[in-house]
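# Here you go, sequence then predicted model.
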Amino acid sequence: MARIIVVTSGKGGVGKTTTSASISTGLARRGHKTVVIDFDVGLRNLDLIMNCERRVVYDFVNVIQGDATLNQALIRDKRVESLYILPASQTREKEALTKDGVEAVINELSETFDYIVCDSPAGIEHGAQMALYYADEAIVVTNPEVSSVRDSDRILGILQSKSRRAEMGQDPVKEHLLLTRYDPIRVEKGEMLSVGDVEEILAIPLLGVIPESQVVLNASNQGTPVILEDESDAGQAYDDAVARLLGEEREHRFMTAQKKGFFARMFKG
Amino acid sequence: MSFLDYFRSKKTTSANVAKERLQIIVAHERGQRDQPDYLPQLQAELLAVIRKYVQIDDDMVQVEVDRNDSCSVLELNVTLPEHSHSH
């Protein structure tokens, strides 16, 4: 039985696809057979972030509608063994993702994979609800900014009422907070919500903090999941998050400003 | 607390404002999340009935359902304007 993890947020542009790419790469790199599914029908982008956009032949909707088999649609990652990508359709309507169709695909994947990572589209409509419906765990990607935090809280409400686990009265979906684009310097200046602030408002356990970093854009430019940038702070932060997801205890890093000026050092000792 | 923090704590930072605003709106939206679907309709119809007799604003009728273990309570709050008793 595979563990099904949805990467969701409500708000767009906070780093869901970046996170899906890095978390799935991290899981596979640790030897777990992992598939990452792009649920953003009509606006597929996971293929670009994972550098397999020219290898897409069949997609998720083709499989649901019986026009292709899973084996035909799955793209094998060229960098990390035991990592596969199931791309979204670029031409169909979002409604092509039916509950039964998604369930059939997930059940078939469950037979051979350890982890199924579902990259949700933005919003709280059909596509986002399909992405989270079958989840066992949810990574709620949040920026330290008012609209993102509010939308994260809304998506938490949907996880708690409209997921399969909620509807069946099973144990709830396990929720994780992943704070991205975090800038400790601005937090210290009082210009940005702190990790503690966001934790207090959303009241879910913290999986990790990804610092704002130029490396993220550089990595996506080249189609490299940022977790593979082992030297970078963002890459290491994602690796920590994957370790915690697997139950390892790791201290949180990159939450305080690294460079201290002369005066800051004088006054803070 | 460092020397600099002493001065910082004097002023309200924009992050503090953000946190307070979020706490209020999130608490409000969580309260509405668990409410039954018929509530907005019920609120609109109650408003219409009351307006036959007293002129009140939209936000002067509040309807909420409080669920306890054993029962649910429908709570209805109507605020009347000060000079509403006579025509």
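Cool, the structure landed.
# Which helix or which strand is home to A:Val209?
Assigned by DSSP states H and E, A:Val209 belongs to strand A:206-211.
# tilt between the next helix or strand after that strand and strand A:206-211?
Following strand A:206-211 in sequence order, the next helix or strand is helix A:214-222 (DSSP H and E). With axes from the mean of the first three to the mean of the last three CA atoms, to 10 degrees defining the directions, helix A:214-222 sits at 90 degrees from strand A:206-211.
# Average pLDDT for the helix or strand following helix A:214-222, rounded please.
Next along the chain after helix A:214-222, taking DSSP H and E as the criterion, comes helix A:233-245. Across helix A:233-245, the average pLDDT comes to 97.
# which stretches of chain B have low pLDDT?
B:1-11, B:83-87 (pLDDT under 70).
# number of nearby residues for the residue nearest to A:Asp77 when sequence neighbours are not counted?
Computed as CB to CB, 6 or more residues apart in numbering or on different chains, the closest residue to A:Asp77 that is not its neighbour in sequence is A:Leu83, at 3.9 Å. Backbone N, C-alpha and C define where each C-beta goes, glycine included. A:Leu83: 26 surrounding residues under other CB atoms under 10 Å in any protein chain shown.
# can you check the one 5 residues further on too?
Under the neighbour criterion other CB under 10 Å, A:Ala88 is assigned a count of 26.
# before we move on, which element is it in?
Counting by DSSP H and E, A:Ala88 is part of no helix or strand.
# In chain A, which residue sits nearest chain B?
Closest to chain B within chain A is A:Gly190: 2.7 Å, counting by CB to the nearest CB.
# Would you agree that residue is in contact with B:Thr13?
Yes. With contact defined as CB atoms under 8 Å, A:Gly190 counts as touching B:Thr13 (2.7 Å).
# Settle it for me: which of those two has more neighbours?
Neighbours were counted for A:Gly190 and for B:Thr13 using other CB under 10 Å; A:Gly190 has more, 18 against 15.
# hang on, the earlier thing: would you mind giving the secondary structure of the residue of chain A closest to chain B?
Reducing the assignment at A:Gly190 to three states with DSSP: H, G, I helix; E, B strand; the rest coil gives coil.
# which residues touch it?
A:Gly190 makes contacts with B:Arg8, B:Thr13, B:Ser14, B:Ala15, B:Asn16, as judged by CB atoms under 8 Å, 6 or more residues apart in numbering or on different chains.
# Make sure the last one is indeed in a helix.
Yes. B:Asn16 sits within a helix when classified using three-state DSSP.
# What distance do you get for the nearest residue to it once chain neighbours are set aside to A:Ile210?
Distances taken as CB to CB, 6+ apart put A:Gly190 closest to B:Asn16, at 6.8 Å, once the chain neighbours are dropped. To A:Ile210, A:Gly190 is 21 Å away according to CB to CB, to the nearest Å.
# quick one on the thing from earlier: now do the residue nearest to A:Asp77 against A:Tyr115, distance only.
In terms of CB to CB, A:Leu83 sits 10 Å off from A:Tyr115.
# Same question for A:Arg154.
26 Å.
# between the two, who's got more neighbours?
A:Tyr115 (25 against 17).
# is it true that that one touches A:Lys33?
Yes. The pair A:Tyr115 / A:Lys33 is scored as a contact, 7.5 Å apart, by CB under 8 Å.
# For chain A, what is the nearest residue in chain B?
For chain B, CB to the nearest CB, closest residue to chain A: B:Thr13, 2.7 Å.
# quick one: that residue and A:Ser194 touch, right?
No. Between B:Thr13 and A:Ser194 there is no contact under CB under 8 Å: 10.4 Å.
# list the helices and strands the top helix by length along chain A packs on?
When chain A is parsed with DSSP state H, its longest helix is helix A:146-162. The helices and strands touching helix A:146-162, judged by 3 or more CB pairs under 8 Å, 6 or more residues apart in numbering or on different chains; DSSP states H and E, are helix A:126-133, strand A:137-142, strand A:174-182, helix A:195-202, helix B:14-33.
# can you put these in a markdown table and add distance to A:Ile37 and mean neighbour count?
Formatted as a markdown table, these follow (distance: least, CB to CB, whole Å; neighbours: other CB atoms under 10 Å in any protein chain shown):
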| stretch | distance to A:Ile37 | mean neighbour count |
| --- | --- | --- |
| helix A:126-133 | 8 | 22 |
| strand A:137-142 | 14 | 26 |
| strand A:174-182 | 18 | 23 |
| helix A:195-202 | 25 | 18 |
| helix B:14-33 | 28 | 14 |
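# and the ones you listed as TSV, adding distance to B:Val61?
As requested, the helices and strands packed on helix A:146-162 are arranged in TSV below (distance: least, CB to CB, whole Å):
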stretch	distance to B:Val61
helix A:126-133	32
strand A:137-142	35
strand A:174-182	35
helix A:195-202	29
helix B:14-33	15
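# Select, out of the ones you listed, the one closest to A:Thr18.
Closest approach to A:Thr18 among the helices and strands packed on helix A:146-162 is made by strand A:174-182 (7.6 Å; CB to CB).
# Tell me the residues of the stretch 51-200 of chain A that contact chain B?
Residues of the stretch 51-200 of chain A found near chain B, taking CB under 8 Å from any CB of the partner chain as the criterion, are A:145-146, A:149-150, A:153-154, A:157, A:161, A:187, A:189-194, A:197, A:200.
# picking up where we left off before, relative orientation of the longest helix of chain A and helix A:195-202 in degrees?
40 degrees.
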